[in-house]
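Peer 1: would you be able to build a 3D model of this:
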Amino acid sequence: MTSSTGYCIRKFNNTSLSKYSRETIGQNTTAAPLFWLAKVYLDFAEAKAELGTLTQADLDNTINKLQARAGLPNMTIAPAADPANNMGVSNLIWEIRRVRRCELMLDGYRFYDLIRWHQLDKLDSQAHPNIFLGANVGNVAGAKFTVVKGYVRSTPDKERVYANKYYLYPIPSGQLVLNSKLEQNPLWTK
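Peer 2: Numbers count the residues shown, from 1 in each chain. Next up, the predicted model:
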């Protein structure tokens, strides 16, 4: 397994297991929680913010507990505007999404968050050519990895383009055979 960022994954890495067991996809040899309190807090705060019912007390009982654990300042119901907010959402929802992105880093939720927020275009390497750039290593002479503008690029020949069809899963062909009334989701042709 490789990391596109140049940073190795340490979360739930049980070094008492063999290298094969730790690095082979699908082994499931490390017991790890699927949901934990931080995820529940983030889901709750995001849902209430989307509904327009989030209160400061809600933030204090959820996200601000995570902020305190990390030594960060509390979030308020009216956070300052961030010039990087390019998703067309309120400052509050933008900040909740930022906390979510940081708190759930390397946990496998980002792709599905971007689907839910209808923001898969952020993963398109043609529109965002720096998406594959990882750790800043400067200009390393004789490196055994590709360096672009001082950043590690673990996939130098790879490009990634996302089409609208990725917002829906294709219906499995076996299910289409079993039920002739089913039709394939749009953009997923047979």
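Peer 1: residues contacting the closest residue to residue 41 other than its chain neighbours?
Peer 2: Nearest residue to residue 41, sequence neighbours excluded (C-beta to C-beta, 6 or more residues apart in numbering): residue 62, at 3.8 Å. Where C-beta positions appear, they are placed from N, C-alpha and C, glycine not excepted. The contact partners of residue 62, by C-beta atoms under 8 Å, 6 or more residues apart in numbering, come to 41-42, 44-45.
Peer 1: farthest pair within those residues?
Peer 2: 42 and 44 (7.3 Å; C-beta to C-beta).
Peer 1: more neighbours, these two?
Peer 2: For residue 42 versus residue 44, the count of surrounding residues by other C-beta atoms under 10 Å is larger for residue 42: 22 against 15.
Peer 1: which residue sits closest to the more buried one, ignoring its sequence neighbours?
Peer 2: residue 100 (4.9 Å).
Peer 1: surely that neighbour is in contact with residue 41?
Peer 2: No - counting by C-beta atoms under 8 Å, residue 41 is not a contact partner of residue 100; they are 9.8 Å apart.
Peer 1: what does the longest helix seen in the chain contact?
Peer 2: In the chain, taking DSSP state H as the definition, the longest helix is helix 37-51. Helix 37-51 is contacted from outside by 54-55, 58-59, 61-63, 65-66, 90, 92-93, 96-97, 99-100, 103-104, 109, using C-beta under 8 Å, 6+ apart.
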